[in-house]
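# Structure for the following, please:
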Amino acid sequence: MFATKDEIIRLVEKRGAYAEIKEDTKHYRIQNQRSRAYVLICASIVVCTAIIGLGLNNRSTITGRLTKSLKGSSPKCLFCSQNPPKLHHDQSYTINNVNNGAPAVVIPMTITYEYDLYDGQNIFTMKETESIPNLDFDYVIVEMSEARNINRDTNKLVSLDEIYLHHLTTSIGIGLGAEMLAARTKDTPLLKYSKGYAKHILAKDNPNIKMNAHLISNKNLAPIEGSTSRARKECNECWYSPGKGSDCTPEVSGTFACCGDSFKCTVGGEECACATTNIEVDKSKTTKYRIEIDLLISRDINKFKRVDNWLFMAPTCSVNLNGKSVFTEVTPDNACFGQNDGLAALYSGGGSTFHSVPENNSNPYLKTKINVVAPTGGKIVSAQAHLHTGGINATLFLNGVAQCTATTVYGTNSDVATNAQNEQNHLIKIGSCYDEVGEAGISFEEGDVFTTESFYYGGTDDTRMDEIGAAGEHKNVMSYFNLGVDFDGDTKFVTEERSSVGFVNNFALVADYDYKKN
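The predicted model follows:
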């Protein structure tokens, strides 16, 4: 079923035959309500909105206030000595396909982020403390070409079986997931826009590039019931396990509280890690790594139309204006569970930041879905899906008509020493929507309905996996579609000079949106 494009398309065309998400009706009570609220709010503000740069300065301030008010302390900088982006002027070139017909100079640039991890360690850095110096001039991001995770001592690529990159997001709207580290060609970069469009980055708004890195060491993990692949899956997908911090309990297995980004792990001083073959890990012995992101930028900012981002997060959580669930009770391993806290519903725009895929061998195809109404017209100039391991595809619809189906590619090499960029049991690449969006973009009008659907596979017979325990149930997965959009309108927000920003789902924060207010 995973072999051909026609078969994958069939999964979408016959979507009525597959199961909708069936949320367990059992109500789980969490003892530490304050901790649960924080985890879900920060998941919405820091993790997901960071992908698109939503209200960067304001959201960072809110996150800091939440941290201080709830715990009385702030996270500390983990990896503070970082270098600014490196410009490759010797590789610069000129393009002529910009809006006013005048040529623009494009400069290759590389962002680097260096970090150290001991075996099994889970880290989650906070943008209010973690950053690298930005360039001291205004520029646009024309393309994100490629990204790598490298061992600093050997200069070799690092396998996802050694370090799982859950995400790396930045305050300039550039983000990475594990599926973005496979090799790219010139024609299929990680991100590009229709001609004449680019992401605007103003120096006054972005003196530093703030970094939110969620990185999980799989090095020397202890097998679970004899399966190393299962150990990696449960480590990466935030399953409960002793040693992941006291905020991680069996009740919140599958949430961010169980993979390094709880209070106790980020500001409480606890060491949070997955179990390794060495019962007593020497935490002073770390491996040194470096993430590299290649971009194309231009200082000719006025020659490119500004792109803002619009992120769709499925499934819908069905909340009312008070942020309370209308029809269903959900379990804690689905972010919709946190919508009962109110703030989480507002920051996610009524969508789920993460959800679970239950094991189901009789009906293994799980579909997630969300509908969003366009508050204004505009043009889509890029569209990209974000899924996790277990995902089959994601489709973007406009008024019921499919615009693009992004399909998944899985690795085939199980040798950790040689499988970097082709890791067995991992989603290593998601197809692009470049051809569908095209140079002209996709126009939409006020009141149009966008729909995103994604399919995951929850059967233990998943042929993309090669070891017992790697397939079946998946926790903490995501079903996103991220659009680059040129919005219509004549308001100050649309017409004034500013940095690119982003929105989530049904624009929950637009009514009081003030991206300059601290």
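
# quick one: K264 and E270, what's the gap?
In this structure, K264 and E270 are 4 Å apart, going by Cβ to Cβ, to the nearest Å. Just so you know, the C-beta spots here come from the backbone N, C-alpha and C atoms, and that holds for glycine as well.

# tell me, what's touching the two both at once?
Shared contacts of K264 and E270, defined by Cβ atoms under 8 Å, 6 or more residues apart in numbering, are found at G245, S246.

# and the nearest residue to F124 once chain neighbours are set aside, what element?
Once its chain neighbours are removed from consideration, F124 has its nearest residue in D261; the separation is 3.3 Å (Cβ to Cβ, 6 or more residues apart in numbering). Using DSSP states H and E, D261 sits within no helix or strand.

# Count the residues that sit near D261.
29 (other Cβ atoms under 10 Å).

# Quick one: neighbours of R306, just the number.
Number of residues near R306 (other Cβ under 10 Å) recorded here: 18.

# list the contacts for it?
Residues in contact with R306, defined by Cβ under 8 Å, 6+ apart, are Y197, A198, K199, H200, D486, R498, S500.

# Mind telling me the two of those residues farthest from one another?
For these, the farthest-apart pair by Cβ to Cβ is Y197 and R498; their separation is 15.5 Å.

# Please enumerate the helices of this protein.
With DSSP state H as the criterion, the chain has helices at 5-13, 33-42, 49-52, 56-71, 228-236, 263-266, 343-347, 434-437, 492-495.

# What mean pLDDT does the second one get?
Along helix 33-42, the predicted local confidence has a mean pLDDT of 38.

# could you list every residue that touches the nearest residue to N122 once chain neighbours are set aside?
Here the nearest residue to N122 in space, its sequence neighbours aside, is G260; by Cβ to Cβ, 6+ apart that works out to 3.1 Å. With contact set as Cβ under 8 Å, 6+ apart, G260 has these partners: Q121, N122, I123, F124, H214, I216, K244, G245, T266, C272.

# switch to 7 Å and redo it
N122, I123, F124, H214, I216, C272 (Cβ atoms under 7 Å, 6 or more residues apart in numbering).

# Spit out the contact partners of the third one.
Neighbour list for F124: H214, G260, D261, C265, T266 [criterion: Cβ under 7 Å, 6+ apart].

# now with 10 Å?
Shown here is F124, whose contacts under the criterion Cβ atoms under 10 Å, 6 or more residues apart in numbering are 42, 46-47, 75, 78, 130, 166-167, 212-216, 256, 259-262, 265-266, 272.

# give me the number of residues near K219?
The number of residues packed around K219, counting by other Cβ under 10 Å, is 20.

# So it sits against L160, correct?
No. In terms of Cβ atoms under 10 Å, K219 does not count as a neighbour of L160; the distance is 11.6 Å.

# and for the two, which residues touch both?
V416.

# Which PyMOL command selects the buried ones in the contacts of G260?
Applied in PyMOL, the following selects the buried portion of those according to 16 or more other Cβ atoms under 10 Å:
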select buried, resi 122+123+124+214+216+272
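
# quick one: which of the contacts of G260 is nearest to N399?
Ranked by distance to N399 (Cβ to Cβ), these are led by H214 at 35.4 Å.

# who touches the residue nearest to that closest one when sequence neighbours are not counted in this structure?
Nearest non-adjacent residue to H214, counting by Cβ to Cβ, 6+ apart: H166, 3.9 Å away. Under the criterion of Cβ under 10 Å, 6+ apart, the neighbours of H166 are 47, 122-124, 176-178, 213-216, 236-238, 256, 259-261, 388, 476, 478.

# quick revisit: so which of Y197 and R498 has more stuff around it?
Regarding Y197 and R498, a neighbour count based on other Cβ under 10 Å identifies Y197 as having more, with 23 against 17.
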